[in-house]
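A structural model of the following input is requested.
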Amino acid sequence: MTEPAARTAPTFELAAAERAEIRDLLDAAFEGDFADEDWEHTLGGVHALIRDADGHLIAHGAVVQRRVLHADRSYRAGYVEGVAVRADHRRGGLGHRIMAALEHVIDAAHDFGALSASDAGASLYAARGWQIWPGRLTALGPDGPLPLPEEEGSTYVRPAAGHPLPAPAHALAFDWRNGDLL
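Reported below is the predicted structural model:
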């Protein structure tokens, strides 16, 4: 049996009905803990989607561009958002296939990848070679840099093809956004 293919598409190519279907999947997968700000963070980049043989959405992830300052340089980070697999299809490799599609986008368009992992998702990212960022994390807020010590230990990074990771001697300073900063 052929496994369903992962399709990638930028947000602007997704019809309203498909965006609603993605939101429904994310609401169910995160058991009601997926806020409107989380949804907003998922939009504007490239989505990876997997459908079953009947056309139902069973897995999703997105990568959006975030600006990250490090030392004296601004980086294009591919930030992973909204990774979810429908409950009745988990533990079958769909998360790995979604991440492979997103990593392809990161390799082609970004300096490195970053994400904030839940306890449930951390093993997926570690198994794919993502590493916990060992340095400090901040967000560039309206009043200046805001330390994010609560995000340290759950923020993962991955170099894009042909790019080294920034050195952990300096903090990664992410651009500001509403809701969860990472």
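
List the residues that contact the most centrally placed residue in the chain.
Nearest residue to the geometric centre of the chain (Cα atoms, centre = their mean): Val80, 1.1 Å. Contacts for Val80 (Cβ atoms under 8 Å, 6 or more residues apart in numbering) come out as Gly61, Ala62, Val63, Met99, Leu102, Gly113, Ala114, Leu115. Heads up, the C-betas are built off the backbone N, CA and C, glycines and all.

Out of those, name the ones that lie in strands.
Gly61, Ala62, Val63, Gly113, Ala114, Leu115 (DSSP state E).

Test my guess that the second one contacts Ile98.
So the one you mean is Ala62. No: between Ala62 and Ile98 there is no contact under Cβ atoms under 8 Å: 9.4 Å.

Find residues that contact each of those two.
Ala48.

which SS state does Asp33 fall under?
Put simply, Asp33 is coil when judged by DSSP: H, G, I helix; E, B strand; the rest coil.

How many neighbouring residues does it have?
When counting by other Cβ atoms under 10 Å, one arrives at 10 neighbours for Asp33.

What residues of whichever helix or strand Gly78 is part of count as buried?
Assessed by DSSP states H and E, Gly78 sits inside strand 73-85. For strand 73-85, burial by neighbour count (16 or more other Cβ atoms under 10 Å) applies to Tyr75, Arg76, Ala77, Gly78, Tyr79, Val80, Glu81, Gly82, Val83, Ala84, Val85.

same check, this time on stretch 87-97
Buried residues in stretch 87-97 (16+ other Cβ under 10 Å): His89, Leu94, Gly95, Arg97.
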